[in-house]
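1. Pasted the sequence and its predicted model underneath.
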Amino acid sequence: MFEKIFLLMVLLISTSTFAAEKIRSYQVSENPLKMDKIARQFEVVQKLVHGFEVYVLEEDVEAFLKIAPKAVLLEENVHASELQNLEKSTSQYRNFAKVESDLKTITVTYPKLATLDTYGASKAGHGLFSLKLSTGGENKPKLMVTAATHGDELITTEVLFVLTNELLAGYGKDSRLTKILDGRDIYIIPVVSPDSFEARERYVQRQDPNRSYPWPENPTNKTVDVIGAMINYTNQIKFTGSLDLHAYGRLVMYPWGYTKKAPENKGDIGVFKDIVQTMAKDNQYTVGQISTTIYVAEGSSADYFYWKTGTRAIAAEIGREKIPNYSKIPSIVNESREMVWTFLEYFN
Ligand SMILES: [Zn+2]
């Protein structure tokens, strides 16, 4: 009897570990006015042949269906299939402790190239780590590459680690990688949101971190802790360029997200178009402005960095899954590599 209860408890604990946050996915095709209303409250994740796919937290389903009563349920729990892949590969995908120890290993392996900076702490007390790659010298472009703003997009962190290690291992051996490192200071942030990364969840403090930056029409938007720390960090460093990795969709995009209007500053739109076209030359990802490529999205990182510090801020949606079977990682690294190198090379 006790054994049975014990087994049941183990089962409950193990199945609930990754199931705390339930997100439903809906297909919505409404008129533009209604779509705008939906996009302000929920996350439009991709354009479909007919309409759009929208994520809705289970607790918000009722409110959502009031606005979009004709929405068609696509998936009861968007994490389910991804989590099956995670379970199969569970010893391989990094948890946050491994992220931290791997970052420290890099600084020990490449003491002349890599230093670890902590720019804050998450609500649960995890360090917010930024790995600075620099060969010294002044006045170089400062570039930032971030992953796992959404804690369930585990592939982004894995790809970023592989590429960071390649870049460092190539210094002094590969002329292209040596040039990249010599010409710019690169800040690698493999996990923007450690608490939701640990939980393998998309949202943090019940909010979408990539909708919780302030934006020009809402300069006082209330944000979550980890994004607050990111805001302070980026305003202090003022990056020349930034690349925020998400999954999935095979897209490379630039601001604005909050409006369908193009960036107003003269010349910026041409530069942004040039950056994303260069980045997507090899992998043939779809390029464009966030708001017109997916849908209007208020409070994203790209908008904030561009708006506040003039950063050439790019968002990329890599691959076709958030947590692919681990064996697929090399192929996603392959399709991302040239895109990341050309992003870094763009700034000199
Ligand atoms: Zn994302």
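-> Nice, thanks for sending it over.
2. Return the distance of residue 297 relative to residue 97.
-> Summarising the geometry, the distance separating residue 297 from residue 97, computed by Cβ to Cβ, to the nearest Å, is 32 Å. For glycine as for every other residue, the C-beta is placed from the backbone atoms N, C-alpha and C.
3. Which one of the two is surrounded by more residues?
-> Counting neighbours by other Cβ atoms under 10 Å for residue 297 and for residue 97 shows that residue 297 has the greater number, 24 against 10.
4. in stretch 74-87, what's buried?
-> Within stretch 74-87, the residues scored as buried using 16 or more other Cβ atoms under 10 Å are 78, 79, 82, 83, 85, 86.
5. Now do the phi/psi pair for the second one.
-> Same thing as residue 79. Reported as degrees, to the nearest 10, the phi and psi values for residue 79 are phi -80, psi -20.
6. Give me the pLDDT for it.
-> Taken from the predicted model, the pLDDT recorded for residue 79 is 85.
7. just the fifth one next, same as before
-> On the pLDDT scale, residue 85 is placed at 77.
8. how about the CA coordinates for the host helix or strand of it, as PDB?
-> Counting by DSSP states H and E, the secondary-structure element that holds residue 85 is helix 80-88. Output for helix 80-88, consisting of C-alpha atoms alone and laid out as PDB, is shown next (Å, rounded to 0.1, in the frame of the first residue of the first chain):
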ATOM      1  CA  ALA A  80       3.500  18.100 -24.800                       C
ATOM      2  CA  SER A  81       5.400  17.000 -27.900                       C
ATOM      3  CA  GLU A  82       8.400  19.100 -27.100                       C
ATOM      4  CA  LEU A  83       8.600  17.700 -23.700                       C
ATOM      5  CA  GLN A  84       8.600  14.100 -25.000                       C
ATOM      6  CA  ASN A  85      11.800  15.100 -26.900                       C
ATOM      7  CA  LEU A  86      13.200  16.500 -23.800                       C
ATOM      8  CA  GLU A  87      12.500  13.400 -21.800                       C
ATOM      9  CA  LYS A  88      14.300  11.300 -24.500                       C
END
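9. just so I have it, where are all the helices in this protein?
-> Residue ranges of the helices in the chain, as given by DSSP state H, are 2-16, 32-41, 61-67, 80-88, 96-109, 154-170, 175-183, 194-199, 225-237, 268-279, 290-293, 301-309, 329-346.
10. I'd like the ones you listed laid out as a markdown table, including distance to residue 246.
-> As requested, those are exported to a markdown table (distance: least, Cβ to Cβ, whole Å):
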| stretch | distance to residue 246 |
| --- | --- |
| helix 2-16 | 26 |
| helix 32-41 | 17 |
| helix 61-67 | 22 |
| helix 80-88 | 14 |
| helix 96-109 | 17 |
| helix 154-170 | 6 |
| helix 175-183 | 23 |
| helix 194-199 | 13 |
| helix 225-237 | 14 |
| helix 268-279 | 14 |
| helix 290-293 | 11 |
| helix 301-309 | 10 |
| helix 329-346 | 12 |
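11. which outside residues touch stretch 304-316?
-> By Cβ atoms under 8 Å, 6 or more residues apart in numbering, the list of residues contacting stretch 304-316 from outside reads 213-216, 231, 234-235, 238-246, 251-257, 263, 271-272, 275-276, 279, 285, 290, 300-303, 336, 339, 343, 346-347.
12. List buried residues within those.
-> When neighbours are counted using 16+ other Cβ under 10 Å, those contain these buried positions: 213-215, 231, 234, 239-246, 251-257, 263, 272, 275-276, 279, 285, 290, 300-303, 336, 339, 343, 346-347.
13. Keep the residues you listed, but drop any that are not near the ion.
-> residue 246 (Cβ under 5 Å from the ion).
14. Low-confidence regions, the stretch 1-150 of the chain specifically.
-> Within the stretch 1-150 of the chain, the segments meeting pLDDT under 70 span 1-19, 90-91.
15. can you pull the contacts of the residue in the stretch 51-200 of the chain positioned nearest to the ion?
-> Proximity of the stretch 51-200 of the chain to the ion (Cβ to the ion) peaks at residue 150, 3.6 Å away. Contacts were defined as Cβ under 8 Å, 6+ apart; by that measure residue 150 touches 193, 196, 202, 203, 208, 209, 210, 246, 247, 322.
16. Quick check: residues of the stretch 151-300 of the chain near the ion?
-> Residues of the stretch 151-300 of the chain lying close to the ion (Cβ under 5 Å from the ion) are 153, 246.
17. distance between the ends of stretch 143-151?
-> By Cα to Cα, to the nearest Å, the extent of stretch 143-151 from end to end equals 22 Å.
18. likewise stretch 220-227?
-> Across its full length, stretch 220-227 reaches 13 Å end to end, with Cα to Cα as the criterion.
19. now stretch 288-296, how far from the chain's geometric center?
-> How far stretch 288-296 lies from its chain's middle: 16 Å, per Cα atoms, centre = their mean, to the nearest Å.
20. hey, C-alpha coordinates of it in CSV?
-> Taking C-alpha atoms only, stretch 288-296 is exported to CSV below (Å, rounded to 0.1, in the frame of the first residue of the first chain):
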residue,chain,number,x,y,z
GLY,A,288,11.3,41.2,-42.7
GLN,A,289,10.0,43.6,-40.1
ILE,A,290,8.6,41.8,-37.0
SER,A,291,5.1,43.3,-37.2
THR,A,292,4.6,42.4,-40.8
THR,A,293,6.4,39.1,-40.8
ILE,A,294,4.5,37.6,-37.8
TYR,A,295,2.2,40.1,-36.4
VAL,A,296,2.2,43.3,-34.2
